[in-house]
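Peer 1: Predicted model and sequence below, questions to follow.
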Amino acid sequence: MARAKWKGPYIDIESNNSIVSRNSKIIPKFLGLTFKVHNGKSYQEITVTEDMLDHKFGEFSFTRKKFSFKKDKLKK
């Protein structure tokens, strides 16, 4: 179920460090600002661009590494 419109967007910011929770919504007021978002291990700095509006911060702070197979070493 979606959040009620009369409540407004959910935003959870720690004022001193500009740390934002993953489920906070990105609003136009944040354009050009940099925030720290926790990915489960460390904080990632994310700069808000125009394409990110109306999304959530968690969509841009990935919690898993990209997997790739290691290439075998050449045998001599």
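Peer 2: Yep, that arrived. Residues are numbered from 1 along each chain as shown.
Peer 1: so residue 47 touches residue 37, yeah?
Peer 2: No. Residue 47 is not in contact with residue 37 according to C-beta atoms under 8 Å; the separation is 11.2 Å. Heads up, the C-betas are built off the backbone N, CA and C, glycines and all.
Peer 1: out of the two, which sits in the busier spot?
Peer 2: residue 37 (19 against 12; other C-beta atoms under 10 Å).
Peer 1: Quick check on that one: phi, psi?
Peer 2: Main-chain torsions, residue 37, degrees, to the nearest 10: phi -120, psi 130.
Peer 1: From the chain's centroid, how far away is stretch 3-11?
Peer 2: 19 Å (C-alpha atoms, centre = their mean, to the nearest Å).
Peer 1: can you give me the end-to-end distance of it?
Peer 2: Stretch 3-11 stretches 12 Å from its first residue to its last (C-alpha to C-alpha, to the nearest Å).
Peer 1: beta partners of residue 38?
Peer 2: Note on residue 38: beta-bridge partners by DSSP bridges are residue 43.
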